[in-house]
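Engineer: curious how this folds, go ahead:
(2 chains)
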2 protein chains.
Amino acid sequence: MTPAALKTYLEARKQLVERNLDIHLPAAHRPPQRLNAAIRHSLLGGGGKRLRPILLLAAGEAVGGGLEPLLPFACALECIHTYSLIHDDLPAMDDDDLRRGVPTCHKAFDEATAILAGDALLTYAFELAATPVTGQPDGVVLAMIAQLARDAGIHGMVGGQMLDMQAENRETTLAELQNIHVHKTGALIRASCLIGARLGGGDEGQIQRLNRFGEAFGLAFQITDDILDVTGDATIMGKSPGNDQKHQKASYPALMGLPQARQEAELMVNESLTALSSFSASADPLRALAGLLLDRTH
Amino acid sequence: MTPAALKTYLEARKQLVERNLDIHLPAAHRPPQRLNAAIRHSLLGGGGKRLRPILLLAAGEAVGGGLEPLLPFACALECIHTYSLIHDDLPAMDDDDLRRGVPTCHKAFDEATAILAGDALLTYAFELAATPVTGQPDGVVLAMIAQLARDAGIHGMVGGQMLDMQAENRETTLAELQNIHVHKTGALIRASCLIGARLGGGDEGQIQRLNRFGEAFGLAFQITDDILDVTGDATIMGKSPGNDQKHQKASYPALMGLPQARQEAELMVNESLTALSSFSASADPLRALAGLLLDRTH
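Structural biologist: Next up, the predicted model:
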């Protein structure tokens, strides 16, 4: 996939996901207006790469699945990701002012509204995920809802955020840092790939390999995220860099230095590509996405 | 059902639900310990009537369904109810110190942990709800997950909480108050009855009647809740009364006076009983529960 083709592909997928979210979410003028306006502000008001839904759709594509049937679940992942950003940005958590290039939810509205907007988005994600998927038994969709809940919950994303909070202002080892990342960002990214593969109709081997791809991709993503926090430009990123230092959080660059962190990211990208080796050209978007991680600017 | 028989029944159901929650939730010593301890503190550390799971199981019983298959979904409702209490008690929301006779989650732990404990419980609810139900097609379970998400989300509980926040410190009409209650507490109580009826194998007519029962029951419950906030005893209630006045919130007693509010509650209890008229003795627990509302002390 050429860089130009990838750019067109990503833009088309992003628009597809955003159009679907826009259609399904209550309009901002519908009551309760303030809640709906806050949800739309955080979900659709800023940029957003829509990485998780795009990964889910691309994993489905890699195993020969269609786009349409996977869209509700793909949108569910974006709702979960966005709710986690809204809650993480709260004053009691990371206390951030800027996200996706616009004021954070509690800054644009207020704390109570931001808490409720997050709760509403998390709840709405499961309404979307509970949509029957053409060509798949309902039992498989049920199993994927349970999978999503596990990877977004105590043993996944929420648990990782808790570990992250507890690691602030104290020495953290590389093993601890990796454990935080595997849960906080890794679990949902891995789940996106696994769920796309399963709902797209992949066989057990394919599902396992795409799960492995997601695991390595997620870690590479987080390392490059840490690097961007040191080297990134606020205007391009849409959020304030330097957060890890501000909160005295451990990060790959802080623990191993920038050059070593970059090498580690490359290693993980290569591992993710290896997991795709038995796939045909249908996995090219996933391959291109992994390659893109090494040139991230946001 | 005699008062003694009802007491035994409720105690047995409460223990059944609590035992199941206890078995399924991660132990407090499992990492992340602080998160798991906070979840257990709010879910199992205080009293809790377990009204919503008991209603779900009783609605299932009313249509001849078994207990065991409905337990995961029943527990899911208690998780959703508890998460909503944790978030509602936060300083940015109702700012309460006492709940179910123990300190609120952010008081016993801290704000960030309370936000995450709520998020984890909401997420875990859907993991539980995604358990296949013996005797029911998976598609019915999927439909009930969507139903739960609707009634707990923007168009139900979360939306109602938003309306409630916006109604503070200003004149509220009776119609507005009713609208808040229908969403904030009514939706989840109604959903408990509807879902129990459907997963218990009820026919369309039974499901509709139990939905109507839940609607009237929910409103009666909220009116008696408002009355308790004026007349209740903190020791028995396990939370501080006088909250409506403290937050200058509209309430039935404030809008229509205590005697009229009591009459309104009676009217709703009678409506709920009417909805059950075509049911056999299998609906006796639901009838007894409705009768109990008029003698609430907590």
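
Engineer: low-confidence ranges, chain A, go.
Structural biologist: Chain A contains residues with pLDDT under 70 at A:234-241, A:246, A:297-298.

Engineer: what distance do you get for the residue nearest to the spatial centre of it to B:P285?
Structural biologist: In chain A, the C-alpha closest to the average C-alpha coordinate belongs to A:R52, at a distance of 4.3 Å (CA atoms, centre = their mean). A:R52 sits at a distance of 44 Å from B:P285 (criterion: CB to CB, to the nearest Å). In short, each C-beta sits where N, CA and C put it, glycine included.

Engineer: cool, A:F279 as well?
Structural biologist: Using CB to CB, one obtains 56 Å as the distance from A:F279 to B:P285.

Engineer: follow-up on the earlier one: residues contacting the residue nearest to the centre of chain A?
Structural biologist: For A:R52, the set of contacting residues under the criterion of CB atoms under 8 Å, 6 or more residues apart in numbering or on different chains consists of A:A74, A:L77, A:E78, A:I80, A:H81, A:L188, A:I189, A:S192.

Engineer: and after the one helix or strand it maps to, which helix or strand comes next?
Structural biologist: Under the assignment given by DSSP states H and E, the secondary-structure element containing A:R52 is helix A:51-62. Proceeding C-terminally, helix A:51-62 gives way to helix A:71-88 as the next helix or strand, assigned by DSSP H and E.

Engineer: now for that following helix, which elements pack on it?
Structural biologist: Helices and strands touching helix A:71-88, as assessed by 3 or more CB pairs under 8 Å, 6 or more residues apart in numbering or on different chains; DSSP states H and E, comprise helix A:3-24, helix A:33-44, helix A:51-62, helix A:111-129, helix A:138-152, helix A:157-166, helix A:187-199, helix B:111-129.

Engineer: cutoff 6 Å now
Structural biologist: In terms of contacts (3 or more CB pairs under 6 Å, 6 or more residues apart in numbering or on different chains; DSSP states H and E), helix A:71-88 is packed against helix A:3-24, helix A:33-44, helix A:51-62, helix A:111-129.

Engineer: out of the ones you listed, which gets nearest to B:L116?
Structural biologist: Comparing the helices and strands packed on helix A:71-88 by their distance to B:L116 (CB to CB), the top pick is helix A:111-129, with 11.1 Å.

Engineer: near chain B at all, the closest one?
Structural biologist: Yes. Residues of helix A:111-129 are located near chain B by CB under 6 Å from any CB of the partner chain, namely A:E111, A:A112, A:I115, A:L116, A:D119, A:A120, A:L122, A:T123, A:Y124, A:F126, A:E127.

Engineer: okay, that helix in PDB with CA atoms only?
Structural biologist: Presented in PDB, the C-alpha positions along helix A:111-129 are these (Å, rounded to 0.1, in the frame of the first residue of the first chain):
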ATOM      1  CA  GLU A 111     -17.300  18.100  35.900                       C
ATOM      2  CA  ALA A 112     -20.700  16.600  36.500                       C
ATOM      3  CA  THR A 113     -21.700  16.800  32.900                       C
ATOM      4  CA  ALA A 114     -18.300  15.200  31.900                       C
ATOM      5  CA  ILE A 115     -18.800  12.300  34.300                       C
ATOM      6  CA  LEU A 116     -22.300  11.700  32.900                       C
ATOM      7  CA  ALA A 117     -21.200  12.100  29.300                       C
ATOM      8  CA  GLY A 118     -18.600   9.400  29.900                       C
ATOM      9  CA  ASP A 119     -21.100   7.100  31.600                       C
ATOM     10  CA  ALA A 120     -23.500   7.600  28.800                       C
ATOM     11  CA  LEU A 121     -20.900   6.800  26.100                       C
ATOM     12  CA  LEU A 122     -19.800   3.700  27.900                       C
ATOM     13  CA  THR A 123     -23.400   2.500  28.200                       C
ATOM     14  CA  TYR A 124     -24.200   3.400  24.700                       C
ATOM     15  CA  ALA A 125     -21.200   1.400  23.500                       C
ATOM     16  CA  PHE A 126     -22.900  -1.800  24.700                       C
ATOM     17  CA  GLU A 127     -26.200  -0.800  23.000                       C
ATOM     18  CA  LEU A 128     -24.300  -0.600  19.700                       C
ATOM     19  CA  ALA A 129     -22.300  -3.800  20.400                       C
END
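
Engineer: which other residues reach that helix?
Structural biologist: With contacts defined as CB atoms under 6 Å, 6 or more residues apart in numbering or on different chains, helix A:111-129 is touched by A:34-35, A:38-39, A:72-73, A:75-76, A:79-80, A:82-83, A:86-87, A:105-106, A:145, A:148, B:87, B:92-93, B:122, B:126, B:146, B:149-150, B:152-154, B:158, B:161-162, B:165.

Engineer: which residue packs closest to A:Y252, ignoring adjacent ones?
Structural biologist: With CB to CB, 6 or more residues apart in numbering or on different chains as the criterion, A:Y252 has its nearest non-adjacent residue at 4.0 Å, and that residue is A:A261.

Engineer: before we move on, what about A:V133?
Structural biologist: Per CB to CB, 6+ apart, closest to A:V133 is A:P69, 4.7 Å.

Engineer: give the contact list for the nearest residue in space to A:L67 that is not next to it in sequence.
Structural biologist: Leaving out its chain neighbours, the residue that sits closest to A:L67 by CB to CB, 6+ apart is A:L57, at 6.0 Å. Contact partners of A:L57, counting by CB under 6 Å, 6+ apart, are A:L67, A:L70, A:A74.

Engineer: at 10 Å instead, please
Structural biologist: A:13, A:16-17, A:50, A:65-67, A:70-71, A:73-74, A:77, A:192, A:196, A:200, A:285 (CB atoms under 10 Å, 6 or more residues apart in numbering or on different chains).

Engineer: pick the one among those residues closest to chain B.
Structural biologist: Within the contacts of A:L57, the smallest distance to chain B is 12.0 Å, found for A:F73 (CB to the nearest CB).

Engineer: next one: that closest one from A:L56, what distance?
Structural biologist: With distances defined as CB to CB, the gap from A:F73 to A:L56 amounts to 6 Å.

Engineer: which neighbours do those two share?
Structural biologist: Common contacts of A:F73 and A:L56, defined by CB under 10 Å, 6+ apart, comprise A:S192, A:I195, A:G196, A:L199.

Engineer: the first one contacts A:F217, correct?
Structural biologist: In this case it means A:S192. Yes. The pair A:S192 and A:F217 qualifies as a contact (CB atoms under 10 Å) at a distance of 9.3 Å.

Engineer: quick check: neighbours shared by these two?
Structural biologist: Shared contacts of A:S192 and A:F217, counting by CB under 10 Å, 6+ apart, come down to A:L51, A:L55, A:L210.

Engineer: of the residues you listed, closest to B:G101?
Structural biologist: A:L51 (44.6 Å).

Engineer: what about A:T224, distance to B:R198?
Structural biologist: Taking CB to CB as the measure, A:T224 and B:R198 are separated by 47 Å.

Engineer: hang on, the earlier thing: more neighbours: which of A:F73 and A:L56?
Structural biologist: A:L56 (30 against 26; other CB atoms under 10 Å in any protein chain shown).

Engineer: excluding chain neighbours, what is closest to that one?
Structural biologist: In space, not counting the residues next to it along the chain, A:L56 is nearest to A:G196; the distance is 3.8 Å by CB to CB, 6+ apart.

Engineer: need the contact list for the residue sitting furthest away from the middle of chain A.
Structural biologist: Going by CA atoms, centre = their mean, the residue of chain A most distant from its centre is A:P31, 28.9 Å out. Applying CB under 10 Å, 6+ apart to A:P31 gives the contacts B:I154, B:H155, B:G159, B:M162, B:L163, B:Q166, B:N179, B:H183.
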